[in-house]
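In: how would this look folded up:
(3 chains)
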Amino acid sequence: MSQEELVAIQADKVVDARGTACPGPLLAAKKAIAEIKSGEVMEILSADEGTKKDIPKWATKKNHEYMGTVEESGFFKIYLRKA
Amino acid sequence: MPKRMTMALFSGSIDKLTAAGVVLTGAAADDMDVDIYVLLQGARAFRKDIAADSTKLEMAENPQLKQEFLDSLKALNVNPWLEFFRDAKEISNVKIHVCGLAGKIWGAEKLEDFNELVDDIVGISEYITAAQESDVHLFI
Amino acid sequence: MEEKILELERRIKQLEATKKKDQLSMVVFSGELDKLLAAMIIATGATAMDMEVKLFFTFWAISALRDKEKRAEKKELTSKMFGAMLPKGTSDVKLSKMNMAGAGLSMLKSLMKKKNVASLEDLLQTAGELGVEINICEMSMNLMGFSKDEMIDYPKLDYCGVGTYLSDAEESAIQLFI
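Out: From the prediction side, this is the model:
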């Protein structure tokens, strides 16, 4: 998915995990994905660089679709679609 | 079948307990079943009065930097070590077993002598069996 | 007959799913010379046995991966002070016990030289050449106040969190915490 397409996504749920260090963002993602329906999109905000590699890996293992990551200044947004 | 992790928590030092807590939470986020066997020094850390006050615990390395370590954790919004164990139990099937002998060494014989997160007091053979059957096995 | 084959196929699939790779995954937590030596000897030894090796450096161990020659920029004050108090690089790390104000350390180092035991620097270089992967825990980097531009040049060096470590650990035949 291109950056433009990602930016245009209206997520069904936004999780702001910018205040936490590893494993905070992963934990927040795990809790929040239970609250959305299959096929819905979740956006995770994080400033923890390790999370960039972690959440896509975790999502793929759980069969969720990792759609991509968008860089912002000082943080980034990760997009997932629930399986 | 969910993946299983067995963790032998021998250390009762604040830096290793923090590292163990991070790994544990990661495993819980991954829906793993986790069995923690709290051994010698670890049993002291889980004693009710000591678990309630992290300052009573030592560092495994760089003991002179304990305050800096704690300050830096706080600045990063990282939870105190026990909270990792609490969070993990909330989201996945995590059981905390304390070695009976280790408990006795620290004067804690009954379940109520330990922090409420502890599930039971066990003998060592349970740990060996769990370690044999698990996907990930760590000795910390 | 057909049923039996199907049953066998199902079992093989199940086995394949749980089968472990010939891989060693190790959390390197300690920043003490003797433990780091042990970790790197196991790691290089495992590659010699044709195993894949993935190291996850966390907490104190990261000190050993700092490059003495490199300067770090932009740090926040608490972590900057913390970082300044921690060893910088392989030549700076100490023994766990019997350090005896450095006497134990120099004794170990001279013994290692005499007996042709590789130094920590050598072991890291060998590990790099043999394709040992090093992943550094991002949270510890922040905790210790280290920055990426002060880390050594190492072929397979990357930064990650605990999720990546666990994915590697799950599929490894051997897991260690040192």
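
In: give the contact list for C:Leu120.
Out: C:33, C:36-37, C:40, C:64, C:90, C:93 (Cβ atoms under 8 Å, 6 or more residues apart in numbering or on different chains). Where C-beta positions appear, they are placed from N, C-alpha and C, glycine not excepted.

In: which stretches in the chain count as helices?
Out: With no chain named, the answer covers chain A. A:3-7, A:24-33, A:51-61 (DSSP state H).

In: the intended chain is chain B.
Out: Going by DSSP H, chain B shows helices at B:14-29, B:40-45, B:48-51, B:66-75, B:81-91, B:100-105, B:124-133.

In: return the list of helices and strands in contact with the fourth one.
Out: The elements that helix B:66-75 packs onto, with contact taken as 3 or more Cβ pairs under 8 Å, 6 or more residues apart in numbering or on different chains; DSSP states H and E, are helix B:14-29, helix C:77-85, helix C:138-144.

In: of the contacts of C:Leu120, which pair is most distant in space?
Out: C:Met40 and C:Val93 (11.6 Å; Cβ to Cβ).

In: dihedrals phi and psi, B:Glu109?
Out: Here is the backbone geometry of B:Glu109 (degrees, to the nearest 10): phi -100, psi -30.

In: the closest residue to it other than its chain neighbours: neighbour count?
Out: Take B:Glu109 and drop its neighbours on the chain: the residue closest to it by Cβ to Cβ, 6 or more residues apart in numbering or on different chains is B:Gly103, 6.2 Å away. Residue neighbour count, defined by other Cβ atoms under 10 Å in any protein chain shown, stands at 23 for B:Gly103.

In: confidence score at B:Gly103?
Out: For B:Gly103, the pLDDT comes out at 94.

In: who are the contact partners of the residue of chain A at minimum distance from chain C?
Out: Here the residue of chain A nearest chain C is A:Gly50; by Cβ to the nearest Cβ that distance is 3.0 Å. A:Gly50 makes contact with A:22, C:137-139, C:159-161, C:164 under the criterion Cβ under 8 Å, 6+ apart.

In: tabulate the residues you listed (a markdown table), appending distance to B:Tyr37 and neighbour count.
Out: Shown next, in a markdown table, are the contacts of A:Gly50 (distance: Cβ to Cβ, whole Å; neighbours: other Cβ atoms under 10 Å in any protein chain shown):
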| residue | distance to B:Tyr37 | neighbour count |
| --- | --- | --- |
| A:Cys22 | 25 | 28 |
| C:Cys137 | 24 | 28 |
| C:Glu138 | 29 | 25 |
| C:Met139 | 25 | 29 |
| C:Tyr159 | 31 | 19 |
| C:Cys160 | 27 | 23 |
| C:Gly161 | 25 | 31 |
| C:Thr164 | 25 | 26 |
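
In: of these, which ones also sit close to chain B?
Out: A:22, C:139, C:161 (Cβ under 8 Å from any Cβ of the partner chain).

In: nearest to C:Met151, of the residues you listed?
Out: C:Met139 (15.4 Å).

In: how about that closest one, nearest residue that isn't a chain neighbour?
Out: Closest to C:Met139 by Cβ to Cβ, 6+ apart is A:Cys22, at 4.0 Å.

In: any idea how far that neighbour is from C:Arg10?
Out: The gap separating A:Cys22 from C:Arg10 is 38 Å, by Cβ to Cβ, to the nearest Å.

In: then B:Ala19?
Out: Taking Cβ to Cβ, one finds B:Ala19 at 39 Å from C:Arg10.

In: before we move on, what about A:Gln10?
Out: From A:Gln10 to C:Arg10 the distance is 42 Å (Cβ to Cβ).

In: settle it for me: which of these two has more neighbours?
Out: Counted by other Cβ under 10 Å, A:Gln10 and C:Arg10 do not tie: C:Arg10 has more neighbours, with 10 against 7.

In: look up how far B:Pro2 lies from the more buried one.
Out: Relative to B:Pro2, and taking Cβ to Cβ, C:Arg10 is found at 19 Å.

In: circling back to that earlier point, redo the contacts of A:Gly50 as TSV? Include pLDDT.
Out: Below are the contacts of A:Gly50 laid out as TSV (pLDDT from 0 to 100):
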residue	pLDDT
A:Cys22	86
C:Cys137	94
C:Glu138	91
C:Met139	91
C:Tyr159	94
C:Cys160	93
C:Gly161	92
C:Thr164	92
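
In: who in chain B is up against chain A?
Out: B:22, B:25-26, B:28-31, B:76-78, B:87, B:91.

In: tell me which stretches of chain C form strands.
Out: Under the criterion DSSP state E, chain C contains strands at C:21-28, C:52-57, C:133-137, C:157-160, C:172-177.
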